[in-house]
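kindly generate the corresponding structure for this input.
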Amino acid sequence: MAIAAGALLALAFPRTNIAGSAWIAPGLMLFVARGGNGFRIGYLAGLVHYLISLSWLLHIPVRFYPILGWIALAGVVVLALLYLLAKALLHG
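Numbers count the residues shown, from 1 in each chain. You can find the predicted model right below:
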């Protein structure tokens, strides 16, 4: 549900121009966060929104650099996930 909320937020931007989804997505996040883990739900929704919003990287008018930007971003996300996994295993 958090992934859907992040995607709905991204749909509110000018390229797709579905402005009503900007009102639905926060409500969906709040509804899902009622059971707890609000930070994780918000973080996942924000990450999905951010990654979808980075589509402008593909329109940089320099050859091969957009691909390097996506690879660097993927590396940062993998490092963050490995850090969280190690933290959960050591302290969990």
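
quick one: low-confidence ranges for the protein?
Across the chain, the stretches falling below the confidence threshold (pLDDT under 70) are 57, 63-64, 66, 92.

domain ranges for it?
Under the assignment automatic domain parsing, the domains of the chain span 1-56, 60-92.

can you put those in a markdown table and add mean neighbour count?
C-beta here means a position set from N, CA and C on the backbone, and glycine is covered the same way. A markdown table is the format used below for the domains of the chain (neighbours: other C-beta atoms under 10 Å):
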| stretch | mean neighbour count |
| --- | --- |
| domain 1-56 | 15 |
| domain 60-92 | 10 |
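
what sits against A12?
Contacts for A12 were tallied using C-beta atoms under 8 Å, 6 or more residues apart in numbering; they are 18-22, 25.

next one: it from A33, what distance?
As for A12, its distance to A33 is 20 Å (criterion: C-beta to C-beta, to the nearest Å).

ok so, going back, which members of the contacts of A12 occur in helices, if any?
If you go by DSSP state H, those have 21-22, 25 in helices.

and stretch 47-59, end to end?
Chord length of stretch 47-59, first to last residue, is 21 Å (C-alpha to C-alpha, to the nearest Å).

secondary structure class of R15, three-state.
For R15, the reduced secondary structure class is coil; criterion used: DSSP: H, G, I helix; E, B strand; the rest coil.

so how far is R34 from it?
In this structure, R15 and R34 are separated by 32 Å, where distance is defined by C-beta to C-beta.

reformat the ones in helices among the contacts of A12 as a markdown table; add distance to A80.
Formatted as a markdown table, these follow (distance: C-beta to C-beta, whole Å):
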| residue | distance to A80 |
| --- | --- |
| S21 | 27 |
| A22 | 26 |
| A25 | 23 |
